[in-house]
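>>> Turn this into a model:
(2 chains)
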Amino acid sequence: MERTLQAIYNFVIDGNRKAVSEQVANALVDQIPADQVLNEALIGAMTEVGIRFQNGEYYVPEMLASARAMQGGLDILKPHLTTESIRAKGRIVIGTVKGDLHDIGKNLVSMMLEGAGFDVIDLGVDVSPERFVAAAKESKAQLIGLSALLTTTMPNMKSTIETFVEHGMRESVRIIVGGAPVTEAYARDIGADGYASDATRAVNLSKLLMEKEVLT
Amino acid sequence: MKTSPKIARLNFLSADDVELIHESSIELLASHGVRSESRPIFDIFSRAGALTDLDTQVIRLPREMVDAALATAPKSFVLYGRDPAMDLLAEAGRPYFGMGGTSEPFFWDYDLGKTRQPTKQDMVDSTRIAQAAENIDFVMAICSAGDVPKGEIYLHEYDAIFRNTTKPVIYTAPSRRFTTGFIEMAIAASGGESAFRERPWVVLYTQPICPMVIGAYSEGMIDAAEFGVPLMAAPGPQIGATSPTTLAGTLAQINAEALFNVVLSQLIKPGIPVIYGPQTGVFDMSAFQSTYGSAEQAVARAAVAQLGRYYDLPSFGLGGGVESKLPDAEAAAQATMGIILNALSGLTLTQTLGTMGSGLYGSPEMVLICDEIVRMAKRILKGIHVDQATLAVDVIRDVGHGGQYLSHEHTLEYFRSEMFFPKLFKRQSITDWECRGMKSAMDVAHERVEEILQGSNTVTLPPGANQMLETALASAITNINL
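So this is what the prediction gives:
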């Protein structure tokens, strides 16, 4: 890898936001294509971070530090990226379902998805089914991420999916679910397209769904 | 060199209690004495001015002889490993942990799900596990070389242990002949006598016979001390049968017995390192069994650690070993109790990690479960560090009402040192755990055992030592069979 790209890659892994921003600026001065900086250095590094997390070498705070560092680089890079590059990984609308105010897990998933290059539209907490549908329609997102921590709010995942069906939107999105009480089996029962038990798995699942489905 | 923190947080005895126990032991040594079944040991005490009675073979020690021995016994010494990185700074109050005991007659086989006759290969394998386990600081045995001729078992055990670890070794040699074999083989594994004398990396485990008898078993001290080998003073009563059923009475007796061996060590060679290791095993009144891992002996052992700190001598005792027959919930409960209490009371050397069946066998899986328990104990010992930075008042303000700390710089800086991360025990979601086969800790430990044994983590001997050790083993076998 080119030296500046390697430096960016290493600084993302170290979680050094300031250094990543500086090096990304240097890369642009050196006329390294922005898409290459994004894919090889930033996203490449976050993939490595995800692997280290799954191997138990990295823990949540370190993963978040890397995600923040990556975000710092991305902010500088964004105006220079091609439209295809921004759209390449996919766009996801994410939020905790109606009645649920617990957002730490959802925030982690958002950060990791951004780190992996996804365009994330985070609707926050206590999001009604209608708001999910409206945001999906407006943004043309391919993925919807629903989060719930409580057994009492889990049924709102189901009603959100049903609302997509009612609006004739179910076929144009893939819906993924997660949260402490959610299981693979529950995800299947309510007709979701996937379930992930943690943030790095949510990223892998999202990538998989984007590869499997030719969605635009 | 490894240096564990000198933080003893637990005292079951008051200062007055300690004095009372000490004075009772001194009184017992001076008036009641210890009977010697060994003429060489009897003669050593006679020559040194103890009150010895040839008819009864009883040796009585004036207080001054005990004081003199406590003055020359080193307060601090290095327990060498064959590899200097494995050296331990041995001092009262610094806790370390070791696998197994002295030659355990059976072996718990994970695949069989029960015990069986052990082999020399089991000795090799379990030593490799001890070498690989991060929190095992010194090595003894969780089985024996059961497939060699009976008279040669110890010698083959030395061979298996010496070839497969670079950590300090504590082991037994139940006569002068065996002690000679033990030392000659250790010298061979060091690649020569001068290398061994410079860094004698074995400890000779000896013990008087409870109550208040010393036998030929301890004569090897004379030969080992000559090479600078540290000596263990480890009387091993069965409380209620060979020591008083009251813990205070047991402490008075075993302290006297251990002090007697401390005096013997210093008469043999003033300044020779000696470890204060009175044991506190219990005779079970319901089953005619010696038992490990019970609550009262854990308390008594904490008191031994406290006495060790009083004399400022490194201490030693059981604690990892359990009476449970399987590496199961009972085993983990007993090992956790023993290891945590020993750590908190500052016992220097906790032995029998991985030992089950009250000393009759061990299992490599249990060694690794104990390794994980030590990992927890080390975090407990670290306690709570309070200063402006760790109080984090500014951070609490910074995060604000209803914020989160996960992405705060302060978390990143401190979480690894403040929080405990298990290695063997798996933290995962229930779904993940189910997907990965719903394994128990023991199953995970077994996978790790397989991984270690299939790995290439073998230790090497110094140049020429392989051949020297082969020769030393053969010659020791010849001498034993003479």
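>>> Would you map out the domains in the chain?
This is for chain A. A:2-83, A:91-215 (automatic domain parsing).
>>> that's the wrong chain, I wanted chain B
Annotated domains of chain B cover B:68-382, B:388-418 [automatic domain parsing].
>>> residues in contact with residue 30?
Chain wasn't specified; assuming chain A. The contact partners of A:Asp30, by C-beta atoms under 8 Å, 6 or more residues apart in numbering or on different chains, come to A:Thr4. C-beta here means a position set from N, CA and C on the backbone, and glycine is covered the same way.
>>> looking at chain B here, not the other one
Taking C-beta under 8 Å, 6+ apart as the test, what B:Ala30 contacts is B:60-63.
>>> Secondary structure class of it, three-state.
Secondary structure state of B:Ala30, per DSSP: H, G, I helix; E, B strand; the rest coil, is helix.
>>> Any idea how many residues pack against residue 118?
Looking at chain A here, since you left the chain open. As a burial measure, A:Phe118 scores 25 neighbours (other C-beta atoms under 10 Å in any protein chain shown).
>>> Oops, wrong one, chain B.
Count around B:Pro118 with other C-beta under 10 Å applied: 28.
>>> Please tell me how far B:Lys167 sits from chain A.
26 Å (C-beta to the nearest C-beta, to the nearest Å).
>>> Enumerate the residues of chain B near chain A.
B:404, B:406-407, B:411-412, B:415-416, B:421, B:429, B:431-432 (C-beta under 8 Å from any C-beta of the partner chain).
>>> For the chain, name the helix or strand with the lowest mean pLDDT.
Since no chain was named, I'll use chain A. Least confident helix or strand, chain A: helix A:83-88 with a mean of 68, by mean pLDDT, DSSP states H and E.
>>> To clarify, I was referring to chain B.
Lowest mean among helices/strands of chain B [mean pLDDT, DSSP H and E]: helix B:430-435, a mean of 84.
>>> Which neighbouring elements make contact with it?
Here helix B:430-435 touches no other helix or strand, going by 3 or more C-beta pairs under 8 Å, 6 or more residues apart in numbering or on different chains; DSSP states H and E.
>>> next SSE after that helix?
Counting by DSSP states H and E, the next helix or strand C-terminal to helix B:430-435 is helix B:441-454.
>>> Next secondary structure element downstream of that following helix?
Past helix B:441-454, the next helix or strand by DSSP H and E is helix B:465-481.
>>> now that following helix: how far from the chain's centre is it?
Centroid separation between helix B:465-481 and its chain, computed with C-alpha atoms, centre = their mean, to the nearest Å, is 27 Å.
>>> so who does residue 17 touch?
All of this is about chain A. A:65, A:68-69, A:71-72.
>>> looking at chain B here, not the other one
B:Asp17 sits next to B:Ala248 when contact means C-beta under 8 Å, 6+ apart.
>>> did I read that right, it in a helix?
Yes. According to three-state DSSP, B:Asp17 belongs to a helix.
>>> Can you tell me which residues in chain A are near chain B?
Contacts of chain A with chain B, taken as C-beta under 8 Å from any C-beta, map to A:15, A:59-62, A:64-65, A:68, A:104, A:107-108, A:111, A:183-184, A:197-198.
>>> Quick check on these: which are buried?
A:15, A:59-62, A:64-65, A:68, A:107-108, A:111, A:183-184, A:197-198 (16 or more other C-beta atoms under 10 Å in any protein chain shown).
>>> In chain A, where's the longest helix?
Using DSSP state H to define each element, chain A has its longest helix at helix A:60-77.
>>> tell me the average confidence for that helix?
Helix A:60-77 carries an average pLDDT of 91.
>>> That one: how far from the chain's middle?
Centroid separation between helix A:60-77 and its chain, computed with C-alpha atoms, centre = their mean, is 13 Å.
>>> which other helices and strands contact that helix?
helix A:3-14, helix A:17-29, helix A:44-54, helix A:104-115, helix B:409-418.
>>> contact partners of it?
With C-beta under 8 Å, 6+ apart as the test, helix A:60-77 has contacts from A:8, A:11-21, A:23-25, A:28, A:34, A:37-38, A:41-42, A:45-46, A:49-50, A:53, A:58, A:108, A:111-112, A:114-115, A:199-200, B:406-407, B:411-412, B:415.
>>> again, only this time at 7 Å
With contact meaning C-beta atoms under 7 Å, 6 or more residues apart in numbering or on different chains, helix A:60-77 is reached by A:8, A:11-13, A:15-17, A:20-21, A:24-25, A:34, A:37-38, A:42, A:45-46, A:49, A:53, A:108, A:111-112, A:114-115, B:406-407, B:411-412, B:415.
>>> Quick one: buried ones out of the residues you listed?
So, by 16+ other C-beta under 10 Å, the buried ones in the contacts of helix A:60-77 are A:8, A:11-13, A:15-17, A:20-21, A:24, A:34, A:37-38, A:42, A:45-46, A:49, A:53, A:108, A:111-112, A:114-115, B:406-407, B:411-412, B:415.
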